[in-house]
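Participant: Next comes the sequence, and after it the predicted model I'd like to discuss.
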Amino acid sequence: MKNPMLAVLSFLLNKIFIFIKLKSNCTSATDKNGNKYETSIFSRGDLLEVPRTLFVHFGIYLGDNHVAHLIPDILPALSRNKASIKKMVTNKRLIAGVLAKVASVRVDTVQDFAYDGDIILNHMDQSISNKPLSGEEVAQRAEKLVGTTSYSLLWDNCEHFVTYCRYGTPVSLQTDKFCEIIKKIIRDQRSVMISAAVGLALTLSLGIGPSTTLPCFLFTFTLWMAS
C-alpha cells in the first residue's frame, strides 16, 4: 500500500511541475507583435485553464479578449471604489480574500487572467461526464454571476464556478483529489504517530503550557479519532 505521506509529496511535486508536463497541450501562442495570447482560437463560452505552481486557475472566455473568473478578493468587502476594485487583484488582496472567504467573479483581459501562464483550452471536457452547454449559454451564466460572492478554498472556488457555467453542475476535481489524499493520511495510523512525535518535540522545545500542549494534543487526538 502506498504511503499517504509520499502521496502528498507526489501531489505537490506534480502541481509544481504541471506546467512543464502540459506544455504540449497548451493553446497559447505568440504573434509577430509579441502578443502572447492568440485569442482568435478561443470561442465564447470556452473554459480556460492556467496551471499555477500549486493549483490550476479557471475562467470562462466571454469574447473580445475578456475572461470571467472567480478569484478571492478582500477589496470589494472593504471599499465601493469601483476604479480601485477594477484593478487586477494583487497577492495581498487575494490572500486576505481567502482568509475572509470573500471573492468576486470579475471580468479581466486574457493577459491579466493568465498572468504570464500558459492557457489550456476546454481540457475538462475529457474529465466531466456532463456534456458542455452551448457556448452562449455558458457565457451568459458567467456574466450573470459577475460581482462579489462567497468563497471557500475547497467547496466554492474558481473550478466550481466554471464547471457550473459550462456543465451545469459545480464540481472541483482538484478538491476531490486533495480530499482523497487527506483521507488516506487520516486512515494511516503512522500519521498519528508522526503527528504525536512532532507535537511532543514542539512541546519540549517551546515549553509545556496551554498555548503549546493543548493544540498539539487536540490535533493528534483528532487524527486518532478519525483514523
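Facilitator: Cool, the structure landed.
Participant: Low-confidence regions, this structure specifically.
Facilitator: The chain contains residues with pLDDT under 70 at 1-36, 53, 178-179, 181-196, 198-227.
Participant: per the record, what domains does this structure have?
Facilitator: 4-179, 188-226 (automatic domain parsing).
Participant: what comes up buried for stretch 63-82?
Facilitator: 66, 67, 68, 69, 70, 71, 72, 73, 74, 75, 76 (16 or more other C-beta atoms under 10 Å). Backbone N, C-alpha and C define where each C-beta goes, glycine included.
Participant: quick one, phi/psi of residue 102?
Facilitator: Note on residue 102: its backbone torsions stand at phi -120, psi 140 [degrees, to the nearest 10].
Participant: ok, it - contacts?
Facilitator: 72, 73, 74, 76, 77, 148, 150, 151 (C-beta atoms under 8 Å, 6 or more residues apart in numbering).
Participant: Shouldn't the fifth one be within a strand?
Facilitator: No. Inclusion of residue 77 in a strand is not indicated when DSSP: H, G, I helix; E, B strand; the rest coil is applied; the result is helix.
Participant: The residue nearest to it when sequence neighbours are not counted and residue 83, how far apart?
Facilitator: Among residues not flanking residue 77 along the chain, residue 102 sits closest, at 4.7 Å (C-beta to C-beta, 6 or more residues apart in numbering). According to C-beta to C-beta, to the nearest Å, residue 102 and residue 83 sit 19 Å apart.
Participant: swap in residue 109?
Facilitator: From residue 109 to residue 83 the distance is 16 Å (C-beta to C-beta).
Participant: So for those two, which residue has more residues nearby?
Facilitator: residue 109 (14 against 7; other C-beta atoms under 10 Å).
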